[in-house]
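> Below is the structure, and that's it, no one-letter string:
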């Protein structure tokens, strides 16, 4: 299958109030992640490289030892094995994340 409607895709809860809809090929995975107001993805790391862009709302993100408030259009790059977290500030937020290689635990 080549085309998908993200709204029709079942979501997976990554953390309380953080829902992801994922799509993948052989070498990369895309995740549309929605945060409820104040929802947090706690500190974690993974071997996968991750790049993302904020689509809606505002997030406070920490990558390694750098913390920044991100707004729509802001892009982030997270190397593999670097600890990071994110929190929705002031309302809901939505991001688009891309992972390489595919995160098998995000396939459903």
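Now that the structure is in, tell me what you want to look at. Computed from a prediction, not measured in an experiment: that's the story for all the values here. Residues are numbered from 1 along each chain as shown.
> Where does the residue nearest the centre of the chain sit, in terms of helix or strand?
With distances taken as C-alpha atoms, centre = their mean, the residue of the chain nearest its centroid is residue 97 (4.5 Å). For residue 97, the element it lies in under DSSP states H and E is strand 93-100.
> which residues are contacting that strand?
Defining contact as C-beta atoms under 8 Å, 6 or more residues apart in numbering, one finds that strand 93-100 is touched by 20, 27-35, 48-59, 86, 106. From N, CA and C alone the C-beta is placed, and that goes for glycine too.
> is the residue nearest to the centre of the chain in a bridge, and if so with what?
Residues found in beta-bridge contact with residue 97 (criterion: DSSP bridges) are residue 31, residue 52.
> follow-up on the earlier one: run the chain-centre distance for the strand holding residue 97.
4 Å (C-alpha atoms, centre = their mean, to the nearest Å).
> Can you give me the buried ones in that strand?
Residues 93, 94, 95, 97, 99 are the ones in strand 93-100 that count as buried (16 or more other C-beta atoms under 10 Å).
> which residues touch the spatially closest residue to the first one that is not a sequence neighbour?
In space, and not counting its chain neighbours, residue 93 is closest to residue 57: 2.9 Å by C-beta to C-beta, 6 or more residues apart in numbering. Residue 57 makes contact with 35, 72, 88, 89, 90, 91, 92, 93, 94 under the criterion C-beta under 8 Å, 6+ apart.
> List just the nearest of those residues to residue 6.
residue 94 (10.3 Å; C-beta to C-beta).
> Relative to residue 9, how far out is the residue located most distally from the centre of the chain?
Taking C-alpha atoms, centre = their mean, the residue of the chain most remote from its mean C-alpha position is residue 1, at 23.1 Å. Using C-beta to C-beta, to the nearest Å, residue 1 is found at 12 Å from residue 9.
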